[in-house]
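[1] kindly generate the corresponding structure for this input.
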Amino acid sequence: MARVPVAALSTLLNRIHPRNRPARPLPDLELATRPRPWLRALGLTTVVLVGAWLGLLIVGNVRAPVGPMDTTMALRPSLTGGTKINVSPLGALTLDSHVAPVRLDVNVDQLDPLRAQALVDHPERISGIQDEVARDVEHGTLDLAVRSGVAVVSGATALGLAVYRRPRRALAAGGLALALLAASGASAYATWNPKSVLEPRFSGLLSSAPSVVGNARSIVTEFDVYQKELARLVTNVTKLYDVTSTLPAYRPDPSTIRVLHVSDIHLNPASWKIVGSLVEQYKVDVIVDSGDTMDHGAAAENGFLDPVRDLGVPYVWVRGNHDSRTTQRYLERMENVHVLDDGRAETVAGLRFAGMGDPQFTPDRSVVPGGDASERLAGDRLASALRDQRAAGTPVDVAVAHEPSAARETDGLVPLALCGHLHHEGTEMLPFGTRLRMEGSTGGSGLRAVERKYPAPIEASILYFDRDSRRLQAWDAIRLGGLGLTTAEVSRHLAEENQPGAAGVSPSPPRASSSTSP
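    The predicted structure is shown next:
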């Protein structure tokens with residue numbers, strides 16, 4: 001029998017069993033179908049993020065008592081961080097407490113009747129409520145940190161196992177989720193801002209907030225009897241803010257001078273209800289109106305001003321570019337109105353005011369006779385009057401003008417200047433030390449509210465002055481939803497010298513001027 005060579009036998013076996021063939025290079029098409037490293041990394045990142053979010057959403061909540069309240073704490077993904085305290089149905093308190101990809105949410109679920117009743121029956125316990133709340137929050141936060149760690153690891157690991165079906169990949173996803181949570185915690189710790197509680201932002205639908213109105217014992221029985229009126233909305237939001245001001249914020253004493261700053265009412269009759277409600281709730285001493293109370297300045301509109309007589313407090317007013325001389329003369333005949341024009345100064349409610357009416361009358365907004373040059377000229381006249389008052393030994397505490405460019409000319413001559421005109425609020429420290437406070441439209445821009453996609457908000461401010469120094473200590477910016485809306489927001493702001501740890505701000509030097517004082 002003929003013998004088969006070994007090489008020929010090996011070739012034959014390879015043809016019969018392809019698995020015995022030597023490895024050969026893969027075609028380019030097969031290489032292209034292999035997953036690329038960056039795609040694998042992207043997929044793993046998606047699994048980690050989604051799994052961690054699901055874990056926090058499902059099992060990351062912690063129920064904790066805080067003082068007389070039962071709360072639920074949770075961490076939620078966020079681009080800006082911060083802390084949000086939800087008090088349903090009253091609204092939410094937002095604090096810029098930290099910068100991290102997670103936000104702390106605290107939901108006030110209910111007021112425990114037994115603990116709340118104990119505070120009502122024993123008011124002396126209220127003095128220690130802050131320490132109790134601090135301890136409760138600390139314990140709740142520690143529990144939340146542990147629960148959140150378990151939640152993100154469990155969520156990412158479970159999702160990784162469902163996607164990859166490999167325990168090693170699933171454990172890697174869980175580890176990365178824990179590292180992400182730790183990095184977020186480190187970022188929050190590094191950017192923690194304890195002063196954020198000094199300037200909280202409150203928002204919410206407050207027309208059904210009886211828990212801050214009337215007798216606390218009748219909250220449940222009278223919950224549905226409160227009317228949803230705009231004036232009541234303002235009363236509720238301000239009272240609610242007074243309740244939440246137990247945070248370490250500026251608390252005005254009874255001797256504080258309270259000034260309500262309004263502007264640009266533009267013939268909106270609802271504004272008088274808002275102004276009256278603020279006067280009553282904040283115990284306002286004087287109202288300052290920085291102009292544009294009217295829309296066309298016609299004599300036929302004068303009846304709109306009659307409610308000013310019934311506000312019960314002095315009303316300081318300067319003319320805006322929508323207010324005519326006819327409007328001014330009508331207001332001058334009212335006993336409680338103090339019209340400031342041509343730099344005239346008056347002492348009202350313990351503060352000395354000086355003001356300048358707008359030199360332009362432009363009810364037709366297409367007509368601009370003098371432009372900014374005319375406004376600056378009026379500002380120069382106001383500045384000259386302020387220098388005269390200082391030379392006479394009667395320095396002015398607050399300058400009032402309608403247009404911001406005119407108010408800026410008083411820089412260095414007065415601690416505070418008030419204005420309006422631009423229909424949005426803002427505060428600015430001018431170069432020579434004067435604080436410029438610009439008010440938004442207390443009338444929600446009047447008829448212009450319907451010209452935009454969203455109605456303009458209604459804005460006003462409460463300014464707190466020290467009676468001895470006559471300097472601004474703090475202010476509350478009030479912002480209500482415009483036409484057809486029932487939202488509200490109140491934010492507390494502190495002057496620099498009233499910030500914690502501040503040593504006080506020395507008075508700014510007088511502003512240099514090319515003109516000489518008489």
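
[2] and the strands in the stretch 301-450 of the chain?
    Here the stretch 301-450 of the chain has its strands, by DSSP state E, counting those that start in this stretch, at 315-317, 337-339, 345-348, 351-356, 398-401, 416-419, 426-429, 435-438.

[3] select, out of those strands, the one closest to Leu75.
    Among these, the nearest to Leu75 by CB to CB is strand 426-429 (33.1 Å). All C-beta spots, glycine's among them, are computed from the backbone N, C-alpha and C.

[4] let me know the average pLDDT across the closest one.
    Averaged over strand 426-429, pLDDT sits at 94.

[5] quick one: contacts of it?
    435-438, 493 (CB atoms under 8 Å, 6 or more residues apart in numbering).

[6] can you tell me which of the residues you listed is nearest Leu267?
    For the contacts of strand 426-429, the residue nearest Leu267 by CB to CB is Met438; the value is 20.7 Å.

[7] test my guess that that closest one contacts Glu403.
    No. Counting by CB atoms under 8 Å, Glu403 is not a contact partner of Met438; they are 10.1 Å apart.

[8] what do those two both touch?
    Shared contacts of Met438 and Glu403, defined by CB under 8 Å, 6+ apart, are found at 419, 421.

[9] who's more crowded, these two?
    Between Met438 and Glu403, Glu403 has the larger neighbour count (other CB atoms under 10 Å), namely 26 against 22.

[10] mind listing what the more buried one touches?
    Going by CB under 8 Å, 6+ apart, Glu403 touches 321, 358, 375, 378, 419, 421.

[11] any idea how far Ala300 is from Tyr330?
    Separation of Ala300 from Tyr330 (CB to CB, to the nearest Å): 11 Å.

[12] who has more neighbours, those two?
    Per other CB under 10 Å, whichever of Ala300 and Tyr330 has more neighbours is Tyr330, with 22 against 8.

[13] so what's the residue nearest to that one when sequence neighbours are not counted up against?
    Of all residues not flanking Tyr330 in the chain, Asn302 sits nearest, at 4.5 Å (CB to CB, 6 or more residues apart in numbering). With contacts defined as CB under 8 Å, 6+ apart, Asn302 is in contact with 326-327, 330.

[14] could you redo the residues you listed as JSON lines and give each row pLDDT and distance to Tyr189?
    Formatted as JSON lines, the contacts of Asn302 follow (pLDDT from 0 to 100; distance: CB to CB, whole Å):
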{"residue": "Thr326", "pLDDT": "94", "distance to Tyr189": "62"}
{"residue": "Thr327", "pLDDT": "95", "distance to Tyr189": "57"}
{"residue": "Tyr330", "pLDDT": "96", "distance to Tyr189": "60"}
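
[15] from those residues, pick the one nearest Ala399.
    Looking across these and measuring by CB to CB, the closest to Ala399 is Thr327, at 21.1 Å.

[16] next one: phi and psi at Val286?
    Main-chain torsions, Val286, degrees, to the nearest 10: phi -160, psi 150.

[17] run a quick neighbour tally on the residue nearest to it when sequence neighbours are not counted.
    In space, and not counting its chain neighbours, Val286 is closest to Ala349: 4.0 Å by CB to CB, 6+ apart. Under the neighbour criterion other CB under 10 Å, Ala349 is assigned a count of 17.

[18] and for Asp323?
    27.

[19] that one touches Ser290, doesn't it?
    No. Using CB under 8 Å, Asp323 makes no contact with Ser290, being 10.7 Å away.

[20] hey, where'd the helices end up in the stretch 251-400 of the chain?
    270-282, 325-332, 371-391 (DSSP state H, counting those that start in this stretch).

[21] can I get these in TSV with distance to Val414?
    Below are these laid out as TSV (distance: least, CB to CB, whole Å):
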stretch	distance to Val414
helix 270-282	24
helix 325-332	23
helix 371-391	6
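
[22] so which of those is nearest Gly312?
    helix 270-282 (6.6 Å).

[23] pLDDT of that closest one, averaged?
    For helix 270-282, the mean confidence score works out to 87.

[24] over to stretch 161-168?
    Averaging pLDDT along stretch 161-168 yields 85.

[25] compute the first-to-last residue distance for that stretch.
    9 Å (CA to CA, to the nearest Å).

[26] next, the buried residues of that stretch.
    Using 16 or more other CB atoms under 10 Å as the burial criterion, the residues of stretch 161-168 that qualify are 161, 163-164.

[27] now do stretch 54-67
    54-56, 60-62, 64, 66-67.

[28] Ala182: helix or strand, and which one exactly?
    helix 167-190 (DSSP states H and E).

[29] show me what that helix is packed up against.
    Helix 167-190 sits against helix 37-59, strand 102-111, helix 129-164, with contacts defined as 3 or more CB pairs under 8 Å, 6 or more residues apart in numbering; DSSP states H and E.
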